[in-house]
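Asker: prediction below, plus the sequence it came from.
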Amino acid sequence: MSTHELLPEPYKIKVIEPIQAISRAQRQAAIDAAGYNTFLLRSDDVYIDLLTDSGTNAMSDSQWAWMMVGDEAYAGSRSFEHLRDAVQQVYGYRYVVPTHQGRGAEHILSKCLIRPGCVVPGNMYFTTTRLHQELAGGTFVDVIIDEAHDPDSQHPFKGNVDLEKLEKLTLEMDISKIPYITIGAPVNMAGGQPVSLENLRQVSEFCRARGIRVVLDAARAIENARLIQEREADQAGRPVKDILRDMCSLTDACTMSAKKDAFANIGGFLAVNDEGLFEEAKNLCAVYEGLHTYGGLAGRDMEALAQGLREAVERDEWVAHRISQVRYLWENLKERGIPLVHPCGGHAVFVDARRFLTHVPQSHYPAQSLSAAIYLDSGVRGMERGIVSAGRDPETRQEHEPELELVRLALPRRVYTQSHLDFVADGLRKTWLRRDEIPGLKFVFEPRYLRFFQARFAPIAAKARGGKREAALARGKQG
Ligand code: F0G
């Protein structure tokens, strides 16, 4: 048991879903069958599922109640009006295009604004966002501060944009080829690290003076607002909803995966202030997602989402509790000697696989291997966020080699309790104690797009990796 501060849940439990652990031998068979890719495990074979916080949240009784009154009309659904009104109220953008999830919004935005030869700067890549930019003919350029790539840096806002990198890009490029900048807040791939309001203000000023749009990736913007409240001196004490509105007012549009902050299991939207862009996006919505009053969602999904959004900002306790759970797990893991990304982020704990598996070079996919080993040891499912997720350059087909080689343990909202988190921390300790035995991996199947989702791997034989003596010593210490 840990003494770290964990806020009490601002809810009580009304419905439960049984979970059951399978044996280690069964887990070994399951991870072999899954090609050492936690995305390919059956969820019934997982005990604690920290694969993602996306679409895995527990809805409130009010969300379930709203689902009953969903308007399933093909056109002109009243549920769309509820969603639109909630988005306008919570985020403040003028126009709303519903989509089935975040990547639907990224697809439409990229089609509307990117032409071949365009460059889209952003504060670190996100997998689906960058892919849609590339498929539209654009190139992503990373303009995040250097600290973001260093797991040890204690910078409180590692999601910040480096204004010098951004300025350099605008001086080197024809500005008309920079249609917008994407701001992830917080930055998923950097460890859930937030952007400060001050930095967003500077980016906004810089871009608006040059006619470059600022697009917020709002998937977890409420969590970013909470981290601003906690860490930015002049923002302490302000309600999260006001900080969020300030963040949005500094941007021109947002793409939203509503499967995160909004406590929903599915849904997304594109929200914009520019009427011309809205008309074009609305039109493409009908092509790729569904009519602009449902965008691939059922009426009941839009109701659950609208209620989830209202709920998420009505009391700061929701997001405060959520982040305190993440921090509780982070502190417990740190105490057990597990190397982590510092400081703790908003939605997940990120384990530093480079320092966990020092004997596995990046070319043998240490974070992929570590995520499989964690599952094997305790039935806890996380995911790789390193070289496998980073993928290949679309032209040269060379692998991107990110500094950060991480395993992410993401906490679904309102799903797990303190004892689950303690179990996870103990489970990772087991993996830590046998770390020298964990082999690197090689690809046996590599899909072309977003390879991390469907790739298959096999362990590299022990003799090829050496280090047997250390492994034997480590085993001796445990025994
Ligand atoms: N942007 C961010 C920052 C995300 O984390 C995600 C999804 C998306 C966009 C795409 O949204 O999945 O609704 O299409 N992140 C999930 C995750 C998959 O596990 O981090 P989507």
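Answerer: Yep, that arrived.
Asker: contact partners for the residue of the stretch 251-400 of the chain found nearest the ligand?
Answerer: Using Cβ to the nearest ligand atom, the single residue of the stretch 251-400 of the chain nearest to the ligand is S257, 3.1 Å away. C-beta here means a position set from N, CA and C on the backbone, and glycine is covered the same way. With Cβ atoms under 8 Å, 6 or more residues apart in numbering as the criterion, the residues that contact S257 are S54, Q101, G102, R103, A105, A219, G268.
Asker: what pairs with it across the strands?
Answerer: G268 (DSSP bridges).
Asker: now do D142
Answerer: D142 has these beta-bridge partners by DSSP bridges: G122.
Asker: state the distance from it to the ligand.
Answerer: D142 is 15 Å from the ligand, where distance means Cβ to the nearest ligand atom, to the nearest Å.
Asker: what count of nearby residues applies to that residue?
Answerer: For D142, the tally of surrounding residues (other Cβ atoms under 10 Å) stands at 16.
Asker: find me the pLDDT at it, would you?
Answerer: In this model, D142 is scored at 98, pLDDT.
Asker: mind listing what it touches?
Answerer: By Cβ under 8 Å, 6+ apart, the contact list for D142 reads P121, G122, N123, M124, Y125, K165.
Asker: give me the element the last one is part of.
Answerer: Assigned by DSSP states H and E, K165 falls within helix 163-172.
Asker: tell me how this structure divides into domains.
Answerer: Domain segmentation of the chain under automatic domain parsing yields 24-53+317-478, 61-314.
Asker: about what we covered before: and the helix holding K165, which residues are buried?
Answerer: In terms of neighbour count (16 or more other Cβ atoms under 10 Å), helix 163-172 has its buried residues at K165, L166, L169, T170.
Asker: among the contacts of D142, which ones lie close to the ligand?
Answerer: Filtering the contacts of D142 for proximity to the ligand by Cβ under 6 Å from any ligand atom leaves nothing.
Asker: JSON lines please, covering these and showing pLDDT.
Answerer: Listed next are the contacts of D142 as JSON lines, based on pLDDT from 0 to 100:
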{"residue": "P121", "pLDDT": "98"}
{"residue": "G122", "pLDDT": "98"}
{"residue": "N123", "pLDDT": "98"}
{"residue": "M124", "pLDDT": "97"}
{"residue": "Y125", "pLDDT": "95"}
{"residue": "K165", "pLDDT": "98"}
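Asker: who wins for neighbours among the residues you listed?
Answerer: N123 (31 neighbours).
Asker: so who does that residue touch?
Answerer: Taking Cβ under 8 Å, 6+ apart as the test, what N123 contacts is 142-144, 148, 159-161, 182-184, 187, 190, 195.
Asker: now do 10 Å
Answerer: For N123, the contacting residues are 142-145, 148, 158-162, 165-166, 181-187, 189-190, 193, 195, 199, 203, 217, by Cβ atoms under 10 Å, 6 or more residues apart in numbering.
Asker: now Q28: closest residue in space that isn't a chain neighbour?
Answerer: L376 (6.1 Å; Cβ to Cβ, 6 or more residues apart in numbering).
Asker: the ligand contacts on the stretch 151-300 of the chain?
Answerer: G184, N188, D217, A219, S257, K259, G268.
Asker: surely the second one touches A348?
Answerer: Yes: look at N188 against A348 with Cβ atoms under 10 Å: they come within range, at 8.2 Å.
Asker: find residues that contact each of those two.
Answerer: D53, R220, R385, R408, A410.
Asker: how about the last one: what's its closest non-neighbour residue?
Answerer: The one in question is A410. Nearest non-adjacent residue to A410 (Cβ to Cβ, 6+ apart): A348, at 3.8 Å.
Asker: neighbours around that neighbour, how many?
Answerer: 27.
Asker: what residues are up against it?
Answerer: Neighbour list for A348: 50, 52-53, 188, 191-192, 220, 326, 329-330, 341, 382-383, 385, 406-411 [criterion: Cβ under 10 Å, 6+ apart].
Asker: give me that answer again for 7 Å
Answerer: By Cβ atoms under 7 Å, 6 or more residues apart in numbering, the residues touching A348 are D53, G192, V326, R408, L409, A410, L411.
Asker: and L50, by the same measure?
Answerer: So L50 contacts V380, R381, G382, L409, A410, L411, V424 (Cβ under 7 Å, 6+ apart).
Asker: just name the closest of those to G138, please.
Answerer: A410 (27.9 Å; Cβ to Cβ).
Asker: in the stretch 1-150 of the chain, which residue sits closest to the ligand?
Answerer: G102 (2.5 Å).
Asker: quick one: stretch 115-134 to chain centroid distance?
Answerer: 16 Å (Cα atoms, centre = their mean, to the nearest Å).
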